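Q: Whatever this is, show me its structure:
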Amino acid sequence: MVKPVNRIITGAHYGLRDWLVQRVTAVIMAVYTGLLIVLVVVYQPEGYEEFKSLFSIQWVKIASLLCFAGLCWHAWVGVRNVLMDYVHPMFIRLTLQVMCIVALLGYLIWFLDILWG
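A: Predicted coordinates for the structure are as follows:
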């Protein structure tokens, strides 16, 4: 006679979606880094004002925003997975997750203020 297996299911099982988000955001950040290196080599800014004028170009602002948003999403997936794996008391885990979300949103708003301010 076969005994039924009682399995305890924990976590949300994001799996494939998390894996894909990590890879896509990593590619976005790598492409942006390459683009930024090319821009610095081509324009050769030497001071603050020249760097500022480089980032005043609209498509550079949009690319920077996409990269930073990807960085925040990448960080959120990584931190959330670490917290789900290693912080077992639910109240502490949820508190840390909310603090992480608030911090990342604050960083994104701050980045927008710097970029378009």
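Q: name the helices or strands packed onto the helix or strand bottoming out on mean pLDDT in the chain?
A: Lowest by mean pLDDT, DSSP states H and E among the helices and strands of the chain is helix 48-54, with a mean of 92. On a contact count with 3 or more Cβ pairs under 8 Å, 6 or more residues apart in numbering; DSSP states H and E, helix 48-54 meets helix 16-43. (Glycine included, C-beta is placed from N, CA and C.)
Q: what is the mean pLDDT for the helix it packs on?
A: Across helix 16-43, pLDDT averages out at 95.
Q: what's the spacing between it and its chain's center?
A: Averaging C-alpha positions (Cα atoms, centre = their mean, to the nearest Å) puts helix 16-43 11 Å from its chain's average.
Q: List the buried residues for that helix?
A: For helix 16-43, a neighbour-count test (16 or more other Cβ atoms under 10 Å) marks 21, 25, 28-29, 32, 36, 39 as buried.
Q: which one of those sits closest to Ile92?
A: Using Cβ to Cβ, Val21 comes nearest to Ile92 of the buried residues of helix 16-43, at 24.6 Å.
Q: From Tyr43, how far off is the residue lying closest to the closest one once chain neighbours are set aside?
A: Nearest residue to Val21, sequence neighbours excluded (Cβ to Cβ, 6 or more residues apart in numbering): Val77, at 5.3 Å. For Val77, the distance to Tyr43 (Cβ to Cβ, to the nearest Å) stands at 34 Å.
Q: Same check on Gly70?
A: Distance from Gly70 to Tyr43, counting by Cβ to Cβ: 24 Å.
Q: what does Val31 give?
A: 18 Å.
Q: got it, and Tyr32?
A: 16 Å.
Q: so what's Ile62 up against?
A: Not one residue lies near Ile62 by Cβ atoms under 8 Å, 6 or more residues apart in numbering.
Q: In terms of helices and strands, where is it?
A: For Ile62, the element it lies in under DSSP states H and E is helix 58-86.
Q: Downstream of that helix, the next helix or strand is which one?
A: helix 90-116.
Q: list the helices and strands that next one packs on?
A: Using 3+ Cβ pairs under 8 Å, 6+ apart, the elements in contact with helix 90-116 are helix 58-86.
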